[in-house]
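Okay, structure incoming, though there's no sequence with it:
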């Protein structure tokens with residue numbers, strides 16, 4: 001039990017977003033506690049690739065948030081680049097047809113007005129950028145601002161910095177209810193291991209479980225899990241220089257379809273293995289192996305990089321992106337439950353958007369101006385029933401075998417023995 005101690009801010013969730021909220025809140029002079037029912041980076045963060053992307057974002061509030069985050073990641077990486085495994089590798093988006101290339105250029109031209117840097121790559125220069133790319137592609141667009149970090153290390157480092165500034169961390173501690181003040185406002189949380197933890201404000205950074213935390217406060221937030229798989233190859237020489245993906249990946253990111261979507265995303269890592277994604281499907285928290293999805297990802301990757309046909313896949317893993325129906329996260333105070341703030345629903349962009357989310361929350365908590373317009377991220381923007389248009393439930397029942405903390409267990413190694 002923690003006795004009568006009270007914090008300025010209590011953050012639910014120790015993934016990348018929760019860690020960033022703790023980092024920037026302590027930097028703003030607030031006293032902070034972080035409560036996590038599993039372990040650090042045990043959910044979506046631990047199953048992510050660590051993408052810091054502007055290349056897949058349309059002009060609008062999410063792109064503004066991403067550009068701010070890129071600057072903040074650069075500042076953070078300047079302090080400890082080796083710890084974060086920060087790689088400013090850039091992104092290369094390729095198109096198979098001339099029509100697709102024209103669409104890519106129009107998309108990039110719209111982004112440029114917002115501050116995104118890009119360079120056209122004609123077909124004759126594609127193999128200069130990526131020597132092992134397939135022949136016959138119509139061209140591409142190079143985004144030099146795209147980068148990558150190691151997500152679990154990044155979350156752990158942000159939390160370590162917050163703890164050095166006085167933050168408290170309660171792992172293996174589940175939030176079971178909300179504490180209320182005399183006026184009904186949220187004034188802390190009830191937990192299964194630490195009793196009641198009082199705070200001036202509670203931040204919901206619970207990722208795919210954000211809908212459940214909101215429900216404990218009596219409000220609806222339609223966060224849905226969107227499953228994705230990644231293949232991991234044997235360690236290889238640095239054969240892929242950038243994050244490379246097919247143009248239809250952008251359409252997959254912005255789609256709200258529940259059925260399976262996949263498009264080739266291929267990138268090397270500092271340790272040597274190549275990561276192959278990306279798939280998206282809404283199947284609740286179903287963790288069942290999906291060999292057909294893995295074969296589809298492998299085939300799409302080989303179509304981009306034929307040299308992968310002879311490479312061994314040593315494992316695959318899956319995670320659940322916290323999806324909101326309009327593809328924008330919920331960031332800021334919830335007027336339906338005064339004292340409750342949200343920082344969740346980032347779908348597959350949580351790692352990239354974490355610093356800007358944390359900074360924005362810290363500014364809102366301290367009454368200071370934010371660097372981006374946060375109005376588009378208002379948590380109360382959804383219909384009163386909290387449901388998206390298809391009527392699916394907010395969270396659904398977890399599939400049998402899902403860890404109680406929502407984390408990803410040991411990753412399988414035999415779902416796809418070879419990429420062929």
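Okay, I see it. A quick note: this is a predicted structure, and the numbers were derived from the prediction, not measured.

The spatially most central residue of the chain: which element?
For the chain, the residue nearest the mean C-alpha position is residue 350 (2.4 Å; CA atoms, centre = their mean). Here residue 350, judged by DSSP states H and E, is contained in helix 350-365.

for that helix, the distance to its chain's centre please.
12 Å (CA atoms, centre = their mean, to the nearest Å).

got it, and stretch 139-148?
Stretch 139-148 has its C-alpha centroid displaced from the chain centroid by 19 Å (CA atoms, centre = their mean).

okay, how far is it across that stretch, tip to tip?
23 Å (CA to CA, to the nearest Å).

Give me the mean pLDDT for that stretch.
For stretch 139-148, mean pLDDT rounds to 97.

Next, count neighbours for the nearest residue to residue 314 once chain neighbours are set aside.
Using CB to CB, 6 or more residues apart in numbering and skipping the chain neighbours, the partner closest in space to residue 314 is residue 234 (5.3 Å). Any C-beta I mention is one placed from the backbone N, CA and C, and that applies to glycine too. With neighbours defined by other CB atoms under 10 Å, the count for residue 234 comes to 12.

you'd agree residue 234 is up against residue 271?
No. Counting by CB atoms under 8 Å, residue 234 does not reach residue 271; the two are 11.1 Å apart.

Can you pull the poorly scored residue ranges out of the stretch 201-350 of the chain?
Scanning the stretch 201-350 of the chain for pLDDT under 70 picks out the ranges 249-258.

mind listing the strands for it?
Using DSSP state E, counting those that start in this stretch, the strands of the stretch 201-350 of the chain run over residues 224-233, 243-246, 261-268, 274-280, 313-323, 330-333, 340-344.

Got the phi and psi for the residue of the chain most remote from its centre?
The C-alpha centroid of the chain is most remote from residue 182, which lies 36.3 Å away (CA atoms, centre = their mean). Backbone torsions of residue 182, given as degrees, to the nearest 10, read phi -60, psi -30.

And the pLDDT for it?
Residue 182 is assigned 93 on the pLDDT scale.

what bits of the stretch 1-150 of the chain have low per-residue confidence?
1-4, 81.

Can you show me the strands along it?
Going by DSSP E, counting those that start in this stretch, the stretch 1-150 of the chain shows strands at 6-12, 32-36, 51-52, 91-95, 119-121, 139-143, 147-148.

So which of those strands is nearest residue 284?
Set against residue 284 and scored by CB to CB, those come closest in strand 6-12, at 21.4 Å.

what does the closest one rub up against?
18, 21-22, 25, 30-36, 168, 175, 188-189, 197-206, 213, 365 (CB atoms under 8 Å, 6 or more residues apart in numbering).

Helices - which of these land there?
Among the contacts of strand 6-12, the ones falling in helices (DSSP state H) are 18, 21, 22, 25, 213, 365.

hang on, the second one packs against residue 361?
Yes. Between residue 21 and residue 361 a contact is recorded at 5.1 Å, counting by CB under 8 Å.

what do the two both touch?
203, 343.

Next up, the contacts around the residue nearest to residue 314.
Neighbouring residues of residue 234 by CB under 8 Å, 6+ apart: 272, 273, 311, 312, 313, 314.

rerun at 7 Å
The neighbours of residue 234, taking CB atoms under 7 Å, 6 or more residues apart in numbering as the test, are 273, 311, 312, 314.

ok, now residue 352?
Counting by CB under 7 Å, 6+ apart, residue 352 touches 51, 52, 53, 66, 69.

mind checking how far the closest residue to residue 376 other than its chain neighbours is from residue 73?
Spatial nearest neighbour of residue 376, chain neighbours left out: residue 61 (3.8 Å); criterion: CB to CB, 6+ apart. Shown here: residue 61 relative to residue 73, a distance of 18 Å by CB to CB, to the nearest Å.

which one of those two has more residues nearby?
Ranked by neighbour count (other CB under 10 Å), residue 61 and residue 73 place residue 73 first, with 23 against 17.

For that one, give its distance to residue 144.
Separation of residue 73 from residue 144 (CB to CB): 14 Å.

now residue 58
19 Å.

So for the two, which sits in the more crowded spot?
Taking neighbours as other CB under 10 Å, residue 58 and residue 144 compare with residue 144 leading, 17 against 14.

Isn't that one up against residue 90?
Yes. Counting by CB atoms under 7 Å, residue 90 is a contact partner of residue 144 at 4.6 Å.

Pretty sure residue 276 sits against residue 301.
Yes. With contacts counted by CB under 7 Å, residue 276 reaches residue 301, the gap being 4.5 Å.
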